[in-house]
Each structure stands twice: as C-alpha cells, then as structure tokens.
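Colleague: Provided below are the primary sequence and the corresponding predicted coordinates.
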Amino acid sequence: MAIPTNDSPTSLWRPLRSSTFRNLLVADVVSDVGTFMQSVGAAWLMVSLNAGPMYVALTQTASALPFFILALPAGPSATSSIAAR
C-alpha cells in the first residue's frame with residue numbers, strides 16, 4: 001500500500017468523486033435497507049400469526065444463514081486468489 005508523500009490531509013469525501021463508487025454505495029445502501037425491511041417483515045408476520053418466539057428466531061436464522069455459509073469460504077478463497085497473483 002502506497003503512503004502519500006505530500007503533507008496535505010486527504011478528505012474522507014474523496015471516494016465520492018468517482019461516479020462508480022457513488023453508484024455502488026447507493027446500490028449497497030438500497031440493498032441493505034431492503035434486506036432489513038424483509039427481515040423485519042418476516043418477523044412481524046410470524047408475530048402476527050401468533051407463532052411462538054422459537055419460530056421468530058428460526059425465521060431470522062433462516063434469513064441470515066446463507067450469508068454466513070457463503071461468507072465463511074469466501075474469505076479464504078479471496079485470500080488465496082490474491083496470494084496467487
């Protein structure tokens with residue numbers, strides 16, 4: 001990683017100058033809001049159907065489990081692909 005040689009401080013807003021970064025940031029925020037809304041909606045549905053707390057917890061687990069299952073092998077595979085370069 002290169003260290004800046006000039007003594008002028010860099011702005012935290014500098015990445016937003018790139019339109020690609022801005023578009024990806026907006027898409028990520030919209031996706032996160034949608035995921036949160038779906039999670040709250042599923043839990044709310046379970047509560048409104050008079051399901052017990054165990055069913056609400058199982059619903060939350062079922063919605064979060066794919067992220068964990070895919071994230072665990074993604075880390076080592078990304079590290080090995082970077083090391084192979």
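Modeller: In hand now; what should we look at?

Colleague: spatially central residue in this structure, please.
Modeller: For the chain, the residue nearest the mean C-alpha position is Asp32 (6.6 Å; C-alpha atoms, centre = their mean).

Colleague: now that one: which helix or strand?
Modeller: Here Asp32 sits within helix 19-48, counting by DSSP states H and E.

Colleague: just how off-centre is that helix within its chain?
Modeller: 9 Å (C-alpha atoms, centre = their mean, to the nearest Å).

Colleague: tell me who's in contact with Tyr55.
Modeller: If a contact means C-beta atoms under 8 Å, 6 or more residues apart in numbering, then Tyr55 has Met46 as its contacts. Placement of C-beta: from N, CA and C, glycine included.

Colleague: tell me which element it is part of?
Modeller: Using DSSP H and E, Tyr55 falls in helix 53-83.

Colleague: in that helix, what's buried?
Modeller: Val56, Thr59 (16 or more other C-beta atoms under 10 Å).

Colleague: and the angle from that helix to helix 19-48?
Modeller: Helix 53-83 runs at 160 degrees relative to helix 19-48, counting by axes from the mean of the first three to the mean of the last three C-alpha atoms, to 10 degrees.

Colleague: show me how far helix 53-83 is from its chain's centre.
Modeller: Per C-alpha atoms, centre = their mean, the displacement of helix 53-83 from the mean C-alpha position of its chain is 11 Å.

Colleague: and for stretch 77-85?
Modeller: Centre to centre, stretch against its chain (C-alpha atoms, centre = their mean), the figure for stretch 77-85 is 21 Å.

Colleague: could I get that stretch in PDB with only the CA atoms?
Modeller: The C-alpha trace of stretch 77-85 is given here as PDB (Å, rounded to 0.1, in the frame of the first residue of the first chain):
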ATOM      1  CA  SER A  77     -10.800 -18.100  -1.300                       C
ATOM      2  CA  ALA A  78     -10.300 -14.400  -1.800                       C
ATOM      3  CA  THR A  79      -7.100 -14.500   0.200                       C
ATOM      4  CA  SER A  80      -5.700 -17.400  -1.800                       C
ATOM      5  CA  SER A  81      -6.600 -15.800  -5.100                       C
ATOM      6  CA  ILE A  82      -4.800 -12.600  -4.000                       C
ATOM      7  CA  ALA A  83      -1.800 -14.600  -2.900                       C
ATOM      8  CA  ALA A  84      -1.700 -16.500  -6.200                       C
ATOM      9  CA  ARG A  85      -1.100 -13.200  -8.100                       C
END
